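**Q** coords please:
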Amino acid sequence: QVQLVESGGDLVQAGGSLRLSCAASGRTFSSYSVGWFRQAPGKEREFVAGIKYSGDRLADSVKGRFTISRDNAKNTVYLQMNSLKPEDTAVYYCAAKPGLYLPTMAEAYDYWGQGTQVTVSS
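**A** Okay, here's the model as predicted:
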C-alpha cells in the first residue's frame, strides 16, 4: 500500500512558478512509476507528466515549461512548473503504480493523492 500527499499548490500570477511535491509512504517507492495529472472544472483529468525509475514523459502542453524529478531518498516526486498560464489552473494530483511502465491514462494508476489546487491569474 502506498499513500500519496501532494503539496505546493497556490495562487500565482501568469508567468510565475510553482513546485509541487508528492510525498509517498512505502519503502519500495523507488520502483514505482509516478504520474502528475490535473483536472480543471468541467474537464476530464489529463496527464501532465510522469517519471519512472529512469526516464520521464511530459504532455505536449507543458513541454519546455514543466519538469518532473524524483528524490528516492525522500520518497518524493516534484513537478516544477515555470511560465505558468491561466489554462494551467486546475487541481493537480499525483498517482503511482508499481513497475517500470509509464502510462498516460489515469485508470492505469493504482494509488492517488488528494490533490492540490493551482490557480494562475491573468
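
**Q** give me the neighbour count for the closest residue to residue 4 other than its chain neighbours.
**A** Nearest residue to residue 4, sequence neighbours excluded (CB to CB, 6 or more residues apart in numbering): residue 113, at 3.7 Å. Quick note: C-beta positions are derived from backbone N, CA and C, even for glycine. Neighbour count of residue 113, defined by other CB atoms under 10 Å: 21.

**Q** how far away is residue 113 from residue 119?
**A** 18 Å (CB to CB, to the nearest Å).

**Q** swap in residue 7?
**A** 15 Å.

**Q** and residue 18, by the same measure?
**A** For residue 18, the distance to residue 119 equals 10 Å [CB to CB].

**Q** between those two, tell me which one has more neighbours.
**A** residue 18 (21 against 15).

**Q** residues contacting that one?
**A** 8-10, 12, 81, 84, 118 (CB atoms under 8 Å, 6 or more residues apart in numbering).

**Q** residue 49 now?
**A** 35-36, 56-59, 62, 66-68, 79.
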